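Engineer: got a structure for you, letters missing:
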């Protein structure tokens, strides 16, 4: 009997299933990922620091994390709004729109990238009016990066908040209204605290996804060094120059960031579950 | 088929679910395992079925040690508390499952399977539901299908985990009687788990009372009710009054107390606080003058009206029968 | 677009609450639709518009081009290998995690989700570090004339990595919620391991399985970043359809690029339609 197993079970196949799971996980994920960390050990600490504090690299990390944060924040606000509208109101095409919210999950990033670039280019459908009316250039600037990252992060907040709103008892709001609260007060004091854990989880998921995003960004970003170059592109650039150590150093920084985000998201989801259980 | 449980212990981590349990079940008997939740009764049922492996001890069927036998080979019919019907199969396929998964050599042909399933569905009086899916059935119907499915493999013993636990009161009563009748018909050695004393006393030939992973008493329904072996059994089965005395605590059933004249031997003085009419019976709620102990007395309505007493009166009562347990035993319960 | 708050107002409720001011819902729906239009609908429409801007002739020519065919073929091959592998893995992982108790289970669940939080570019890079010319196994592979990076095996590996968790993460919660009793009942009725899997467990999770496979397939066919790192962009050899779109776009062949992109967009729409269909199916079951 496997040492990992605590309780006897009459169901067969535990050792086979767990054995295959661990083997496959190790071969496809764990060993290759550890390769990145082991590769950085061929660098001295000073070399590592030199690689990741190179101004161009720092600029790219700043852009990736900064733009991702703003995009996730935008999605938190508008994602909550979209979820609210989809749950609470009935309007023509609601079901269709509900299904289409997942488009950024399903649409290949390269397709999203060229489509967004075409629309937000200075002569594009939305790019031209924005340029003419406000003098704002979207494509080929950091603003373009923001647009792409907002697109790919759009479904996360909607999909985490939506089920919580569906479960939210209408009676809670009605009770608040009957006690004399205004609609806004009922929303900020009753609804918002309930959806907060899900909202933050959705934000974190959107942020994590945006930080690593590549395909949808590179077309619209313009990729100007120090201005609109994202971190994943820096990795590719270094690889094309056969600078494996430099590429890996950036990758490790991003990996560590994404591990921290993953743990934070797990913690958040645990928190939301507990929050939901306590409410019920 | 007789079942013999010999010195079985089972721990889950630090929790002792069964502690050196020994039990003999005769062929054809219908036995109830009765106890509060966490007392080990379900664990024993699962050990007999082979779903749990005991840490110590053995289980014999008809004198043969089957402790290490595979579940598949035991030929045990098991009915789960929540039925565990296969939700993606029709009722017919649920009942047929045990026949269809037999090794090819022993598998009956299609016509035989049809005949047999039909027969079983008739036995549980639900043959008209053959093409439905489990979620389209009521709780009581699912229960009977689960039973038919368990019987399809012609089990040597039938084990039922809280068979009526998830049903409402009326259906429970009907199914109880039905199960009793079915057992009389097929005469299969059967064990069922329940936390409901009424259910155990009404249905079973013998009742096994569990507490804290140990057997407190084994006996016929009247034995465990009339002569409980421990304070726990007294408290768990039926209502009981506890009267502190010098040698220990006396346990008296409410219906074993008479209202007597003043000066009667063993008489206790008590004030009548409430009178509760329960159809043909009347329950008197009293407060003993000595020690302010609450007491319950149960009388027939006729006896009560002949007494001519009302709330606020002081009465004298005397037990017809009492059993005294030492203080230490009483505290253990 | 008069919005409706669908629950009927109980008589005792204050008048203020039972008659919401109609412009609030209209405004909220309007803003939400505006947001979705700018970020979802217009980009989606643009793909098909740009693809057909120069007419059907140009569109069909772009798709019939041999390099495009090669790209489609390679995309299908990568998905045809990655999806079944991750399907088998998903079933094995879900069986172990949902039907048994063991220590380290939650850590295992977290590790299975790991590929989702890794940047696609990094996913490609780690295979270059192992199988690339300067990687651990590079010299040995070159000595034996085996090419993984800048070749089809590398593309398949990267695709397997990025689609790794899809099926498992659908099945694990579903099978956990279903519990073990049905399987225990089947064992008591005499079923062996294969009968258990084929007759009880898999039929019970078939919609979740399908859901996972649909999402896994969409990502496998659409993956760009990871595949881009390991492919080497050899036209007609190691280009998947998304990479082919990139090359055409960078060569200013916009109509052709969008024609190929429209195939991928169609795939996305089919994916969403199937996904909604499965959701409706599972909802009506419960």
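Structural biologist: Now that the structure is in, tell me what you want to look at. Keep in mind the model is a prediction, meaning the values are calculated, not measured.
Engineer: ok, now which ones touch residue B:260?
Structural biologist: B:267, B:316-318 (Cβ atoms under 8 Å, 6 or more residues apart in numbering or on different chains). No exception for glycine: its C-beta is placed from N, CA and C like everyone else's.
Engineer: switch to 6 Å and redo it
Structural biologist: For residue B:260, the contacting residues are B:267, B:316, B:318, by Cβ atoms under 6 Å, 6 or more residues apart in numbering or on different chains.
Engineer: over to residue B:26?
Structural biologist: Listed by Cβ under 6 Å, 6+ apart, the contact set of residue B:26 reads residue B:2.
Engineer: also the one 4 residues further on?
Structural biologist: Listed by Cβ under 6 Å, 6+ apart, the contact partners of residue B:30 are B:183, B:190, B:204-205.
Engineer: gap between it and chain C?
Structural biologist: Using Cβ to the nearest Cβ, to the nearest Å, one obtains 20 Å as the distance from residue B:30 to chain C.
Engineer: in terms of helices and strands, where is residue B:114?
Structural biologist: Residue B:114 is part of helix B:110-123 when elements are defined by DSSP states H and E.
Engineer: close to chain C, is that helix?
Structural biologist: No: judged by Cβ under 6 Å from any Cβ of the partner chain, helix B:110-123 stays clear of chain C, getting no closer than 12.9 Å.
Engineer: which other helices and strands contact the helix or strand following that helix?
Structural biologist: Sequence-wise, the next helix or strand downstream of helix B:110-123 (DSSP H and E) is helix B:139-151. Counting by 3 or more Cβ pairs under 6 Å, 6 or more residues apart in numbering or on different chains; DSSP states H and E, the packing neighbours recorded for helix B:139-151 are strand B:76-79, helix B:91-100.
Engineer: moving C-terminal of helix B:139-151, what's the next helix or strand?
Structural biologist: Downstream of helix B:139-151, the first helix or strand assigned by DSSP H and E is strand B:157-161.
Engineer: that next one packs against which elements?
Structural biologist: Judged by 3+ Cβ pairs under 6 Å, 6+ apart, strand B:157-161 is in contact with helix B:41-49, strand B:76-79, strand B:189-194.
Engineer: tell me which helix or strand comes right after it.
Structural biologist: helix B:169-186.
Engineer: need the residues that contact that following helix.
Structural biologist: With contacts defined as Cβ under 6 Å, 6+ apart, helix B:169-186 is touched by B:30, B:140, B:164, B:190, B:202-203.
Engineer: can you do 8 Å?
Structural biologist: B:30, B:123, B:138-140, B:143-144, B:147, B:151, B:163-164, B:167, B:190, B:199, B:202-203.
Engineer: same question, stretch B:144-152
Structural biologist: Contacts of stretch B:144-152 (Cβ under 8 Å, 6+ apart): B:77-80, B:83-85, B:91, B:94-99, B:116-117, B:120-121, B:123-126, B:129, B:134, B:137, B:158, B:160, B:163, B:175, B:178-179, B:182, B:186, B:188, C:185, C:188-189.
Engineer: counting neighbours, what do you get for the closest residue to chain B within the stretch 1-150 of chain C?
Structural biologist: As assessed by Cβ to the nearest Cβ, chain B sits closest to residue C:101 within the stretch 1-150 of chain C, at 10.2 Å. Residue C:101 has 13 neighbours, counted by other Cβ atoms under 10 Å in any protein chain shown.
Engineer: where's it relative to residue A:10, distance?
Structural biologist: According to Cβ to Cβ, to the nearest Å, residue C:101 stands 13 Å off from residue A:10.
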